[in-house]
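# okay, here's the prediction I keep looking at, along with the sequence it came from:
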Amino acid sequence: RRLALETLDEEENFMVVFFDTFRAYVEEVQELVANGTITDLDNYLMNGHKTHREFMNERFELLQFIIEHSNLVVGIHHIEFLWNTTVANRLTVQDGQSTLKWLKFAVEASSKSSSSAFAEQLCSFFANTMAEPSISYENWILEGFECFQSLFVLVNERKFWLQKEPRLGGSTVMNLPSGVTFVTNSANGSNL
C-alpha cells in the first residue's frame, strides 16, 4: 500500500490532485448553496450519485489511510485548507466534526511517529489557529475539544513537559515536571 501511494504521488502528483479536486468540490458546493440551488446538503446528490456527507467521509477516510499507510506528506497548507473550508467556514456541522476527528487522529498518529516534521507542522498550525481572536469556542462540539486535548498532549510531549506511561487496561499515566500526574482512559478518552 505504501509503495502504491508513493508511486502514485511521484508519477501523478496524487496529493496535489487530491487537494485540487477537494478544493474544486468545496468551491462548487459553496457556490450552489450561496445561489440557492442546494438547500439541503444531507439529501442533495452531488452530480447525481453522492451526498455531501458521503463525499466528505470518503475524503477523510482516504486522508486517514494516507497517514497510516504511507510516507506522503499532508502539509501545513493542506491542514489550513481543511480548517478554513470545513471548520471555520463549514457548510454543515458534520464537516467540522469530520475534520476535527481527522485532526485528532492525525495528532495522535504523529505523536506515535518517529518523524517529527508533521507533528511540528500540526503544533505550529494549532498555535497560530488557537491564537486567532475570531474563533469562538462557545459552541464547540465534543470532537473539537478532543482534538485540542490530543494537541495539548502532543505539544507538551514534544517540549518534554509531559511524559506518557502506557498502563494495562488501556489507560495512560501522564507525568508533568511539576509532579502533577493524571490518568486518561484510552478506551473512552476520559480523564480519571
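Yep, that arrived.

# if I've got this straight, F125 is in a helix?
Yes - under DSSP: H, G, I helix; E, B strand; the rest coil, F125 sits within a helix.

# how about the host helix or strand of C147: buried residues?
Assigned by DSSP states H and E, C147 belongs to helix 142-158. Residues of helix 142-158 classed as buried by neighbour count (16 or more other C-beta atoms under 10 Å): E143, G144, E146, C147, F148, S150, L151, V153, L154, V155, N156, R158. Quick note: C-beta positions are derived from backbone N, CA and C, even for glycine.

# equivalent analysis for stretch 59-69, please.
In stretch 59-69, counting by 16+ other C-beta under 10 Å, buried: R59, F60, L63, I66, I67.

# give me the mean pLDDT for that stretch.
Averaging the model's pLDDT scores along stretch 59-69 yields 88.

# my guess is A109 meets E68, correct?
Yes - with contact defined as C-beta atoms under 8 Å, A109 reaches E68; the gap is 6.8 Å.

# which stretches of this protein form helices?
2-12, 14-34, 52-69, 76-83, 93-112, 117-130, 142-158 (DSSP state H).

# can you redo those as CSV with distance to Y44?
Formatted as CSV, these follow (distance: least, C-beta to C-beta, whole Å):
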stretch, distance to Y44
helix 2-12, 30
helix 14-34, 8
helix 52-69, 7
helix 76-83, 22
helix 93-112, 14
helix 117-130, 30
helix 142-158, 24
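
# for these, which one sits closest to D42?
helix 52-69 (6.3 Å; C-beta to C-beta).
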